[in-house]
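Enquirer: Attaching a predicted model along with its sequence, questions to come.
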Amino acid sequence: MPGRPPTACGRGLTRRQLLCASLGPLVGAYVVAEGVAAPVRPRGPAARLVPRLRACFVRRQGEYGIRWPGEVYDGEAALFGYTDRITQAARRLGFALDVRPTPLYSSADADAWITASREAGPDGLLVVLLDRQEHAWPTADKAIATGIPTVIFSPIGTSFTTNTAAPSARPGCFICSTDDFTQVEWGMKMLHAVARMRAARCLVIQGNQRSEGSLGDLGISLRTIPAADFVEEYQRTPADAEIRRMASELVRAATRCDEPSEGDILNGLRSYAVAQSLLAREHCDAITMDCLGALGPTDISLPCIAWAEMNDHGIPAACEADLGAVASHLIVQYLLDRPGFQQDPVAETVHDAIIGAHCSCPTRLAGFGAEPEPYDIVHHHGMRDATLRTVWKPGQRITCMDVLPGNSDQPSQMLISSGEVLGNVAVPPAGGCRISVMAHFDGVQDVLAFPGFHQLFVYGDFKKELVQFCKLCGIKPVVV
């Protein structure tokens with residue numbers, strides 16, 4: 001475990017034991033499965049959104065005959081079976097589903113359904129092809145041309161590569177050419193994540209002016225409030241019983257806590273309560289803050305530990321008012337159901353590796369419902385405030401992703417790479433941020449010129465899935 005051994009103090013007790021004692025009987029009285037107090041909740045439009053999905057089936061009327069998919073294919077059974085599975089998946093994901101019970105039997109049927117879909121303006125389309133002939137693939141093309149994110153499901157027997165090659169190159173679609181319905185469910189999951197991302201509103205705490213804005217083609221809205229609002233709310237927020245309970249649980253579950261004082265931890269967690277108040281007041285789903293610019297000159301604790309807790313509980317919380325990182329956190333949490341680690345990339349030339357370094361890192365890296373990784377409670381690299389130093393598993397496959405918001409001249413991009421954790425760099429004796437994760441990324445030739453900044457490290461190899469997501473929602477994927 002990186003860091004110094006626990007410091008013995010008082011009557012042979014470690015500082016962690018003293019902290020537990022000083023924080024009161026709450027440590028023994030409250031054992032919460034989540035390990036912390038009840039999580040802060042998103043309060044913005046994405047939290048209230050019920051995405052709308054329109055689905056249809058396409059085939060010619062009557063018997064299939066000898067043409068593909070052929071008389072061996074039971075189209076009626078497929079229609080009923082897939083209807084049931086789509087309905088179940090939509091219910092599980094939280095879609096409002098409008099599925100046409102009768103297939104589109106002709107080009108006229110298809111044109112009417114496409115027109116109605118344009119007018120309804122759903123969040124996504126799902127087109128299930130039960131045929132390869134006549135109007136089947138032209139209908140798929142028309143659905144993609146609406147500009148509504150579209151999933152095309154082509155069970156085996158309903159397409160050749162001559163059918164799929166051209167539409168697969170178009171933005172705004174995801175083609176599932178398989179009998180494995182789990183890929184269709186993944187496509188629906190992507191549609192759900194796109195809808196939530198475009199509905200999300202992020203609270204930006206920066207400067208001294210209030211304003212509204214957006215991240216262009218990503219659709220994320222931005223509500224900026226003065227940094228003084230955070231300061232004023234923080235000063236009104238005491239370290240009450242709930243904050244003390246959070247602190248007790250964090251100390252109880254930590255591997256080590258031999259640096260920060262009780263006050264450091266409590267003051268850091270006050271930012272969690274402040275964030276909850278501001279998210280509710282401003283009706284926002286995510287948060288970011290010019291933390292060093294706003295709080296660096298003050299004695300108010302930096303929100304490193306609070307941001308780690310919010311990301312652990314599904315609230316995208318980005319450091320340093322980085323709007324690209326806001327988009328990255330939203331996508332990872334909505335799509336992959338886990339938090340990411342926003343970091344500063346450092347080249348390590350002996351191992352041809354990248355060290356992701358920062359002072360705020362979530363612990364539930366394998367997923368919101370997973371067990372947390374081990375962590376210490378340490379100081380920020382400036383030897384002030386408290387944060388969680390999460391220990392990453394050596395050998396764990398990870399993904400590195402970074403959203404670069406676009407402008408009027410070019411679409412947003414996503415830098416994507418996958419690799420493996422080599423280990424955790426001990427800081428000290430090394431310098432830099434307290435969480436420093438060394439990873440080797442596949443195929444990267446020059447770590448000194450590794451692209452991006454404030455990228456997210458994410459447990460799991462999701463390079464293929466992120467490329468698919470980018471194509472579905474119009475982001476340009478750049479595989480590093």
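Expert: That came through, no problem. Given the structure is predicted, the values throughout are model-derived calculations rather than measurements.
Enquirer: Tell me which other helices or strands the top strand by length along the chain touches.
Expert: For the chain, the strand with the greatest residue count under DSSP state E is strand 413-424. Identification of packing neighbours for strand 413-424 by 3 or more C-beta pairs under 8 Å, 6 or more residues apart in numbering; DSSP states H and E yields strand 397-404, strand 435-441, helix 463-473, strand 476-479. Bear in mind the C-beta positions are built from the backbone N, C-alpha and C, glycine included.
Enquirer: so where's this protein shaky on pLDDT?
Expert: Of all residues in the chain, those with pLDDT under 70 make up the ranges 1-40.
Enquirer: Can you pull the domain assignment for it?
Expert: Residue ranges for the domains of the chain, per automatic domain parsing: 12-44+200-479, 47-197.
Enquirer: tell me how far the ends of stretch 253-260 are from each other?
Expert: One end of stretch 253-260 sits 15 Å from the other (C-alpha to C-alpha, to the nearest Å).
Enquirer: Output the domains of the chain in TSV; the columns should cover mean neighbour count.
Expert: Output for the domains of the chain, formatted as TSV (neighbours: other C-beta atoms under 10 Å):
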stretch	mean neighbour count
domain 12-44+200-479	20
domain 47-197	18
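Enquirer: Give me the contact list for the helix or strand harbouring residue 165.
Expert: Element membership for residue 165 (DSSP states H and E) is helix 161-168. Defining contact as C-beta atoms under 8 Å, 6 or more residues apart in numbering, one finds that helix 161-168 is touched by 132, 137, 140, 141, 144, 152, 154, 173, 175, 177.
Enquirer: Report the contact partners of the fifth one.
Expert: Counting by C-beta under 8 Å, 6+ apart, residue 144 makes contact with 150, 152, 167, 170, 172, 173.
Enquirer: one more time with 10 Å
Expert: Neighbouring residues of residue 144 by C-beta atoms under 10 Å, 6 or more residues apart in numbering: 125, 127, 150, 152, 167, 168, 170, 171, 172, 173, 174, 175.
Enquirer: With adjacent residues omitted, what lies nearest to it?
Expert: Leaving aside its chain neighbours, residue 144 sits nearest to residue 173 (4.6 Å; criterion: C-beta to C-beta, 6 or more residues apart in numbering).
Enquirer: How much space separates that neighbour from residue 397?
Expert: 28 Å (C-beta to C-beta, to the nearest Å).
Enquirer: Likewise for residue 286?
Expert: If you measure residue 286 against residue 397 using C-beta to C-beta, the figure is 26 Å.
Enquirer: Same check on residue 139?
Expert: According to C-beta to C-beta, residue 139 stands 39 Å off from residue 397.
Enquirer: Ok, residue 129 next?
Expert: If you measure residue 129 against residue 397 using C-beta to C-beta, the figure is 34 Å.
Enquirer: which secondary structure element contains residue 189?
Expert: Residue 189 belongs to helix 181-199 when assigned by DSSP H and E.
Enquirer: Check the offset of the helix or strand immediately after that helix in the chain from the chain's centre.
Expert: Beyond helix 181-199 on the C-terminal side, the first helix or strand identified by DSSP H and E is strand 201-205. The gap between the average C-alpha position of strand 201-205 and the chain average comes to 16 Å, counting by C-alpha atoms, centre = their mean, to the nearest Å.
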